[in-house]
Every structure is written in structure tokens, then in C-alpha cells.
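Student: Here is a sequence together with a model predicted from it:
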Amino acid sequence: MQWETVIGLEVHLQLATRSKIFSGSATTFGAEPNTQASAVDLAMPGMLPVLNAQVVRYAVMFGLGIGADIGRRSVFDRKNYFYPDLPKGYQISQFEAPIVGKGTFEIQLEDGSTRDIGITRAHLEEDAGKSLHEDFHGQTGIDLNRAGTPLLEIVSEPDLRNAAEAVAYLKALHSLVTYLGISDGNMAEGSMRCDINISLRPMGSQTLGTRAEIKNVNSFRFVEKAIRHEFERQADILENGGKVVQETRLYDADLDETRSMRSKEVANDYRYFPEPDLLPVVIDEQYIEAIRAELPELPTQKRHRFVTQYGLGNYDANVLADSRELADYFEAVVERCGDPKIAANWVQVELLGLLNRSELPIGESPVSAAALGALIARILDNSISGKIAKQVFEAMWQGEGSADEIIDARGLKQVSDSGELEAMVDQVITANAGQVEQVLAAEEDRRTQLIGFFVWQVMQYTKGQAKQHIVKKKPVNNTKM
């Protein structure tokens, strides 16, 4: 039987505030265990939460970024469950009245097509602490630094149909939130984590199957692998007459498999009720419009502009608009050199190639956008060839100076003086009398091919610095031929 995969994602996004959602504790990553947990975070008697206003602002920014409904009156609730790293025995979250309601989110697939994915809601909540199982000799350690860290949980509709779409959705979401500046989206540090809800149904059926939830997957690659494995697991169960159990599972990257963690809870299990220590959040149109006016150009808008303004193809525009820093870098290169298509090629191939090999982010590039633009300008004014430019770029990367400094120091400027090239051509012809005879004896169409040998000899003689289009004319017109 052919099966259709139905996938919905719940993304937990850590908001980029300096303090926690209900206390003044720091949110710095990598601090010593339990050094960033205040009496509020530890749920000490008499401690009351105070809402961080910045998290509301960030949530509204996200909602506007996806064209969602913004809750004019949102309420916090208590989500009750017991776990050792949850100090209060409940989590302050939102249930019936979230800050962000329904919206849509455009993703671009590998073939260049786009799809709109529905967003059910995005609500604010606090994170729990972290259980540590290593180096405790059979015991579990508890680090409460993350307790109270502000999260925005973004819940999609079950609109995704395969692993590739799920990854495209996550990458597009990552791009959006980093453009907005509401999160760094660092999956390795836990700033963006994903719960995968996945079920199977017969192809063509409209009835949803029983879903399993895969918790806390923290990389694009692991999301793809977890979905592929879970599809095979559920398909095998169904094709052998079994029934998929609704449960929460974990993905084990070392074994590339999912395994059962616990039965899947439903809303009633958490006994939600309104948080009595927090007032409802009420916002008005003026507040929303003030935030809207300050939104940056978003990834989808930038992609469309790159196509219309710079004449780029959809693929190039998508790559260059993927991150705000990369897009800004590209536009700075274009401003310096004036040619967007050559700039796009150099940024995507040469720059990103070296950044990837050096494992550096764009913000730590040894070659600035202005410096790369100046190098491309030297290609455009025929000072150097594209081949020589790559050597210059490598030297710039190693800190040897600007493009002009390296070109002058190494004597790399292209030879364009007609008389100088004439003399070089004469030397090459004199040194290759046998090949000259072959050219003179050849038919016209064959002669053009044979002349390529002399062009190559001149380019070798000048170490690629001769202007090739001038050299190609010389042997044909030279009286010695």
C-alpha cells in the first residue's frame, strides 16, 4: 500500500532577551550550572513572576512577520506536570488565548516551487531546566540555568508531507526569526528545538492516522533522518496488521532510530488553568502598528527584490537572501563593484566556499564586502583575469592586503599593451616553427583550432596576465603567418 506522511512541527524558539521571561536572571549560554537561577526561577515560597515586556514585543514581531492574527488579550496558564527539572511542578505557558493566532508561512522547495504552510498558533512560555545524566555515577544532575528562559512555541498545521518539506520549513523559519532579530536560532545551543508530530494514512485518504511525537530534535539533518526512520517504522507496523500507538518518542542519532519515551499526553492531562499571579496581556492597535513600522525587510520580500532589482534567478536570490548578514554582504559587494550577477557568483562560490572550509560564519569573513567588491571591480576593468582574481582572493583571505596591493606586489596586472603583446607573439611563433607550418597548411576552419596552441603558449609565457581576447587576434594577423 502507498502511504502519505502527515507532519506537523512544534518549534520551541528561545527569544533573544538578556533576562528570563518572569525574572531578571541572565540567559547567557554556557554558564556554570545553577549560576543563573534566581529565587523566582527556583520557585521559592512567596516569589511572584513579573512578565518581561520584551518577550511580548518579540512575539508580536513574529506574528506580523507571518501575517498572523495578534491576540489583543492573551492570558497565561499553568500547565501542570511533574519532572525533576521543573521546579514549580508546573510550567507557565499559554493555552486558550495565545499571543499569536493563525497565520501562513511561505517555504521554498528544492525545485524552486513554493508552498504555504499554515501556522496554528505561537504562544509564549517558560523553559524547564535540564537533566544531566553524565558523570553522576548512575544518578541524575539538575541544572536550572534554563528554567524560566523565554520561549515562543510555534505550532504548524499538519501541512507538511515529507522530510524535505519539513527541513525547508525549519530553514525558512530560522531565516525569518534571525532577520527579525528575535532569536539567534542556534540549534546546537538549544535556541531552536523541534518536536515532530508524524502519522501515516493511505494515499488519497482524508482521515488522519495515529500520530507519534518525536521530542527535541536539534538539527536540520536529524529532523530529516528522524522523519525517514519514523515513516519506515510506522509503515512496517501498519503493513503487518498492527496499530500505531500514540506516544512520545526520542530520536537516537547514534543508532539512527526513534524509541519510545512515554505515552503521549493530551491537553486534559496537563490540567490547564489560568495563571493567578499574572494579569492578562492587553495590547492595542497603536502598539502593533508601531512594531509593524519597525520591521526589517523580510526574507521573502528580499528574495523577490533580488530577482526584480538585480535580475538574479530564483535559486541565487534564495541562497543570498537566506540570512540577513549574507544578504547585506552581497548588497555591499554590488554597491562597490556595480555588477550584481558577477557579485552573486563570487559570493556564492568563492566566498561561501572558503567560509565553509574554514568553518566561519559570514560575520567573521577575513575579506570584507568592500574588499571583495574592489577585487571584482578589477576584473570588470580588465586589470586582471577571473583566474588571476582567484589567486588574489586567496591572498586577501590570508591577510596579504587589498586587491590592488596584492596585484601590484605580485605583478599580476594584465598585459594589454598592443606592442608588448606583439613582441611576445613573435617570440612564440619563432620558437614553434613546426606548428606555424601546420597552421599555414591547414584549411580555414582547422586553422582557427590550431591557433589555440599559440594563444595557450602566450598565456603560459605571461602566467595568465595577457588579455586573451587581444592575443587571439595577433597570430592570425601577424605577417610571419
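Tutor: That came through, no problem. Residues are numbered from 1 along each chain as shown.
Student: Burial check on the nearest residue to residue 296 once chain neighbours are set aside, number of neighbours?
Tutor: Sequence neighbours aside, residue 179 is the residue nearest to residue 296 in space, at 6.0 Å (criterion: C-beta to C-beta, 6 or more residues apart in numbering). The way it works is simple: take the backbone N, C-alpha and C, and place the C-beta from them, glycine included. Other residues near residue 179 come to 23 when the count uses other C-beta atoms under 10 Å.
Student: so what's residue 179 up against?
Tutor: 65, 296-299, 323-324 (C-beta atoms under 8 Å, 6 or more residues apart in numbering).
Student: Could you export the helix or strand hosting it as CSV, CA atoms only?
Tutor: In this assignment (DSSP states H and E), residue 179 forms part of helix 163-180. Presented in CSV, the C-alpha positions along helix 163-180 are these (Å, rounded to 0.1, in the frame of the first residue of the first chain):
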residue,chain,number,x,y,z
ALA,A,163,11.2,15.2,5.3
ALA,A,164,12.4,17.6,2.7
GLU,A,165,9.4,19.9,3.2
ALA,A,166,9.9,19.8,7.0
VAL,A,167,13.5,20.8,6.6
ALA,A,168,12.6,23.6,4.2
TYR,A,169,10.1,24.8,6.7
LEU,A,170,12.6,24.9,9.5
LYS,A,171,15.2,26.6,7.4
ALA,A,172,12.7,29.3,6.3
LEU,A,173,11.6,29.7,9.9
HIS,A,174,15.2,30.1,11.1
SER,A,175,15.8,32.7,8.4
LEU,A,176,12.7,34.7,9.4
VAL,A,177,13.5,34.8,13.2
THR,A,178,17.1,35.8,12.6
TYR,A,179,16.1,38.5,10.2
LEU,A,180,13.7,39.8,12.8
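Student: residues of it that come out buried?
Tutor: Across helix 163-180, burial judged by 16 or more other C-beta atoms under 10 Å covers 163, 165-170, 172-180.
Student: wait, which of those is closest to residue 46?
Tutor: If you rank the buried residues of helix 163-180 by distance to residue 46 using C-beta to C-beta, residue 177 comes first, at 35.7 Å.
Student: hang on, that closest one packs against residue 62?
Tutor: Yes. Counting by C-beta atoms under 8 Å, residue 177 touches residue 62, with 6.8 Å between them.
Student: Counting by contacts, list what the helix ranked longest in the chain packs against.
Tutor: For the chain, the longest helix by residue count, based on DSSP state H, is helix 220-239. Contacts defined by 3 or more C-beta pairs under 8 Å, 6 or more residues apart in numbering; DSSP states H and E place helix 220-239 against strand 3-14, helix 163-180, strand 192-202, strand 212-217, strand 247-252, strand 257-263.
Student: what's the least confident stretch among those?
Tutor: Least confidently modelled of the helices and strands packed on helix 220-239 is strand 257-263, at a mean of 86 by mean pLDDT.
Student: Identify all contacting residues around that strand.
Tutor: Contacts for strand 257-263 (C-beta under 8 Å, 6+ apart): 212, 214-215, 226, 229-230, 233, 245-252.
Student: Name the residues of that strand that come out as buried.
Tutor: For strand 257-263, burial by neighbour count (16+ other C-beta under 10 Å) applies to 257-258.
Student: same for the helix or strand that it is followed by, what does it pack against?
Tutor: Per DSSP H and E, the first helix or strand lying C-terminal to strand 257-263 is strand 273-274. Judged by 3+ C-beta pairs under 8 Å, 6+ apart, strand 273-274 is in contact with strand 77-80.
Student: Within the sheet, what are the partner strands of the strand it packs on, with directions?
Tutor: Here strand 77-80 is paired, per DSSP bridges, with strand 90-93 (antiparallel), strand 273-274 (antiparallel).
Student: Weed out the non-buried ones from the contacts of residue 179.
Tutor: Neighbour-count burial (16+ other C-beta under 10 Å) applied to the contacts of residue 179 gives 65, 298-299, 323-324.
Student: I'd like those as CSV, with distance to residue 286 appended.
Tutor: Listed next are the buried ones among the contacts of residue 179 as CSV, based on distance: C-beta to C-beta, whole Å:
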residue, distance to residue 286
65, 19
298, 22
299, 27
323, 32
324, 27
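Student: Pick the one among those closest to residue 351.
Tutor: Using C-beta to C-beta, those come closest to residue 351 at residue 323, 13.0 Å.
Student: Please tell me how far the closest one sits from residue 172.
Tutor: 12 Å (C-beta to C-beta, to the nearest Å).
Student: do the same with residue 97
Tutor: From residue 97 to residue 172 the distance is 27 Å (C-beta to C-beta).
Student: Residue 28 now?
Tutor: From residue 28 across to residue 172, the span is 28 Å (C-beta to C-beta).
Student: do the same with residue 181
Tutor: Distance from residue 181 to residue 172, by C-beta to C-beta: 17 Å.
Student: now do residue 95
Tutor: Using C-beta to C-beta, residue 95 is found at 27 Å from residue 172.
Student: That's all I had, so thanks and see you.
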